[in-house]
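1. got a predicted structure plus its sequence, pasted below:
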Protein chains: 2
Amino acid sequence: MQVTPVVRTLARSLETPFLLMDLSYVRNNYYDIINHVNNVRVFYAVKANSHPRIVSLLNTLGSSFDVASRGEIDKLLSLNITPDRMSFGNTIKKIEDIKYAHSVGVEYFAADSEMEIEKIAAHAPGSKVYVRIMTTGSDSDWPLSKKFGTDVEHVISILRYADNLGLDAYGVSFHVGSQNYNVANWEKAIIEAAKVFKVLRTEGINLRMINLGGGMPVKHIKEIPSVKEIGDVINRAIERELSFVPNLEVFIEPGRSMVGNAGILVSQVILRSRKGNEDWVYADAGVFHGLTETIENFRYEIIVDGKQDDKKEIFTLAGPSCDSIDTIYEKVELPKTIGYGDILYFINAGAYTTEYATNFNGIKAPGVYFVEDFTLAESEFFQDEKGFEQDL
Amino acid sequence: MQVTPVVRTLARSLETPFLLMDLSYVRNNYYDIINHVNNVRVFYAVKANSHPRIVSLLNTLGSSFDVASRGEIDKLLSLNITPDRMSFGNTIKKIEDIKYAHSVGVEYFAADSEMEIEKIAAHAPGSKVYVRIMTTGSDSDWPLSKKFGTDVEHVISILRYADNLGLDAYGVSFHVGSQNYNVANWEKAIIEAAKVFKVLRTEGINLRMINLGGGMPVKHIKEIPSVKEIGDVINRAIERELSFVPNLEVFIEPGRSMVGNAGILVSQVILRSRKGNEDWVYADAGVFHGLTETIENFRYEIIVDGKQDDKKEIFTLAGPSCDSIDTIYEKVELPKTIGYGDILYFINAGAYTTEYATNFNGIKAPGVYFVEDFTLAESEFFQDEKGFEQDL
């Protein structure tokens, strides 16, 4: 998302920090995916940004939703999203939540362990289950490999177990790791997934779905492959590896790639100081107030309003709270002249920012605004002006 | 705080995860500090646990408060705490918040940089300022050294600058780092602080206050020095280094040590699985839902209800959310027989747990309960029973 004149005006008029979203990017991202991945059904990963306006727009566009908890299911139901559009994608579920999801009509459930299958079989009998393959998460900024998924042999045995317990052994999922830069990783994962289909087919268990997970990257400081490039790899790999599956369903769970480039986190410099040989800049957004992903050194592009062309220096950039872990970057290039009140734009910060934000230190989590509202207001303003002139 | 029968009953009846607090510990901690540190004035660090019941109890006991933001000031004002009991201890403040604090009557302001002094001089003229010395944070679990404070020479020059700008150069603060195990660190810091007093005295700037910060430890898995041991060291060091200061004021800002041992975070096992050679246990509390400090490997004592004496094994313990950073401990000893529904008690988790908690993944932050309410309910219940018997 670009720093447009509207963004610059809002940065000076709204209380910082705040997340400014532009829904037209979300719309484009949705179509980008369905236009480039063949026959795909999109399940938006609600956790990336669960704002009702984003969820409602995607619902209107025809998206389905990957939900992680009862809380997310309830939120979606309150927005009139029907349960046939939801997939319970968290592999770690409370029994009460499985029961609840089943009772309202959710049909798809993820798992990566025998115990989870037992819970689903007992409390959501007959449901469609898909089991997650572990990937290495290599070439990704935020690998998800350690906690989720398991090896191919284990996935096969878990799906076999699901079938034995009367569940509908439905498919295989994977996740190449959040913000993955290497298209080859999708191909590798599809090859692994296809092994599961093939082995189970010989036993009469006919899987029908491959779930590509998330991981498509958003542009920050490194070049990224386009959705088309990733889609081409996915389409070729599925065609080659899984053409034996009649009417294969293809699910995808974009989170970051659906909303990341649709937002800018706007913050303000509230202190600059020198300690020993180090120059420090403190912003009113931080690790507990919108920039949580930076604790693992996730790198945003930062634009300092009006100072892009100034000479740069190395600074330590920290957040506003009384906690030393609230240090955004230990070393980051910022304009030499940076000072109190300068506006910082964290570009493409629409995903995983407000969702992780806290009210720690009595400092409010960033508000969320939509640029559409102000653009509208501006045109209304001009209309009024015109009307006013006409009255004269 | 002990796992008493009431705690065990509540663990089975309230929805997990939740933080159970016992205010009698807070009361004892308050008296422990004022009984062992001579002439001390306690400013409770609200950020550790800002629950209104805790703040109100401490107000009743006579405590003052270290506040970090306008949000905390407003919260305290709404609890009828007067601004003379507040110190704005965050060294990173927005101008609007300085103005606001000054307008409502807050008198004490912290700083560690020239710019902060300029902001305070311009927007809270004449205020009492104290400047923070940087410590190494050695021997502490959660060092605060890098982001806050500056070296002694710099502290001297900042206080001189404050005096020049018409502020009341009031004192020196330090923080030995959160959860510090070595009593000698308080002595070292007092020696450094005394240097500041001495140099400025020769220039006619007579500081009157030393702020000992926080850092007193709470018992987790390592032995800790008692408040008396720390107090003895502080008292001797102040007596020796600062006896030349007439009517020296001594401030202290306990946060963790005021509330840490007054709480237990109660969680439940919601999944156990085996991946490769690793055994995983997933709880319904996690890094985003109460156990944030574990991301820097902060170690809680964990008791598994009814299984303390079982044979132990090494597990990876993770939280409930769809995020791999939500892994509590990569290696932790837990009972071999641990399984779904087992209750986990994270002992002495009253500080920095609910304050950092999010609603990420649509999973609610832990609720907070007070054991007093249930003890009362229980005694009322028994009274009712008795009354019932008498009626018969």
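-> Received it, and whenever you're ready, just let me know what you need. Values in this document were obtained by computation on a predicted structure and should not be read as measured data.

2. which ones are touching the closest residue to chain B within the stretch 151-300 of chain A?
-> Relative to chain B, the nearest point of the stretch 151-300 of chain A is residue A:273 (3.3 Å; CB to the nearest CB). Where you see a C-beta, it was placed from the backbone N, CA and C, and this is true even at glycine. Taking CB atoms under 8 Å, 6 or more residues apart in numbering or on different chains, we find residue A:273 in contact with A:279, A:280, A:282, B:112, B:113, B:114, B:115, B:116, B:150.

3. give me that answer again for 10 Å
-> By CB atoms under 10 Å, 6 or more residues apart in numbering or on different chains, the contact list for residue A:273 reads A:279-282, A:316, B:91-92, B:111-116, B:150, B:154, B:158.

4. check which helix or strand it maps to.
-> Using DSSP states H and E, residue A:273 sits within strand A:263-275.

5. also residue A:234?
-> Using DSSP H and E, residue A:234 maps to helix A:227-242.

6. elements contacting that helix?
-> Applying 3 or more CB pairs under 10 Å, 6 or more residues apart in numbering or on different chains; DSSP states H and E, we find helix A:227-242 packed against helix A:23-36, strand A:40-45, helix A:184-201, strand A:209-211, strand A:249-252.

7. how about the longest one and chain B, touching?
-> No. With CB under 10 Å from any CB of the partner chain as the measure, helix A:184-201 is seen stopping short of chain B, the closest distance being 15.1 Å.

8. I'd say residue A:8 and residue A:345 touch.
-> Yes. At 8.9 Å, residue A:8 and residue A:345 qualify as touching, with contact defined as CB atoms under 10 Å.

9. so does stretch A:89-98 get close to chain B?
-> Yes. Residues of stretch A:89-98 contacting chain B under CB under 10 Å from any CB: A:89, A:90, A:91, A:92, A:93, A:94, A:95, A:96, A:97.

10. mark which of those residues are part of helices, please.
-> Among the residues of stretch A:89-98 next to chain B, the members falling in helices (DSSP state H) are A:95, A:96, A:97.

11. now list the buried members of the residues you listed.
-> A:95, A:97 (16 or more other CB atoms under 10 Å in any protein chain shown).

12. before we move on, the earlier item: please identify the pairing partners of the strand holding residue A:273 and their relative orientation?
-> Sheet pairing of strand A:263-275 (DSSP bridges) gives strand A:18-21 (antiparallel), strand A:278-283 (antiparallel), strand A:343-346 (antiparallel).

13. so which of those strands is nearest residue A:2?
-> strand A:343-346 (9.8 Å; CB to CB).

14. what's near enough to touch the nearest residue to residue A:190 once chain neighbours are set aside?
-> Leaving aside its sequence neighbours, residue A:190 sits nearest to residue A:237 (CB to CB, 6 or more residues apart in numbering or on different chains; 4.0 Å). Contact partners of residue A:237, counting by CB under 10 Å, 6+ apart, are A:183, A:184, A:186, A:187, A:188, A:189, A:190, A:191, A:193, A:194, A:210.

15. okay if I get those residues as CSV plus neighbour count and pLDDT?
-> What follows is the contacts of residue A:237, written out as CSV (neighbours: other CB atoms under 10 Å in any protein chain shown; pLDDT from 0 to 100):
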residue, neighbour count, pLDDT
A:183, 19, 93
A:184, 13, 94
A:186, 25, 96
A:187, 19, 96
A:188, 16, 95
A:189, 26, 96
A:190, 23, 97
A:191, 14, 97
A:193, 26, 98
A:194, 22, 98
A:210, 28, 98
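
16. out of those residues, the closest to residue B:370 would be?
-> Minimum distance to residue B:370 across the contacts of residue A:237 is 49.0 Å, recorded for residue A:189 (CB to CB).

17. list the contacts for the closest one?
-> Residue A:189 is in contact with A:133-136, A:149, A:172-176, A:210, A:212-213, A:215, A:234, A:237, counting by CB under 10 Å, 6+ apart.

18. for residue A:370, which residues are in contact?
-> If you count contacts by CB under 10 Å, 6+ apart, residue A:370 has them with A:19, A:20, A:21, A:22, A:23, A:51, A:53, A:54, A:262, A:263, A:376.

19. among these, which one has the most neighbours?
-> Using other CB atoms under 10 Å in any protein chain shown as the neighbour criterion, residue A:263 leads the contacts of residue A:370 with 30 neighbours.

20. quick check: phi and psi at the nearest residue to it once chain neighbours are set aside.
-> Distance criterion CB to CB, 6+ apart; nearest residue to residue A:263, sequence neighbours excluded, is residue A:350 at 2.7 Å. Main-chain torsions, residue A:350, degrees, to the nearest 10: phi -80, psi -10.

21. please apply the same query to the one 4 residues further on.
-> Comment: the main-chain dihedrals of residue A:354 come out as phi -70, psi -20, following degrees, to the nearest 10.

22. do the same with residue A:287
-> The phi/psi pair for residue A:287 (degrees, to the nearest 10) reads phi -60, psi -30.

23. neighbours of it, how many?
-> As a burial measure, residue A:287 scores 22 neighbours (other CB under 10 Å).

24. and for the one 10 residues further on?
-> Applying other CB under 10 Å, we find 10 other residues in the vicinity of residue A:297.

25. quick check: nearest residue in space to it, chain neighbours excluded?
-> Spatial nearest neighbour of residue A:297, chain neighbours left out: residue A:329 (7.5 Å); criterion: CB to CB, 6+ apart.

26. repeat for residue A:288
-> Closest to residue A:288 by CB to CB, 6+ apart is residue A:360, at 4.3 Å.

27. so who does the one you found touch?
-> Neighbour list for residue A:360: A:286-289, A:319-323, A:326, B:47, B:50, B:68-69, B:71, B:292, B:352, B:355-358 [criterion: CB under 10 Å, 6+ apart].

28. likewise residue A:285?
-> Applying CB under 10 Å, 6+ apart, the residues contacting residue A:285 are A:16-19, A:265-268, A:291, A:294, A:319-320, A:326, A:328, A:344, A:346, A:349, A:353, A:357, A:363, A:365-366.
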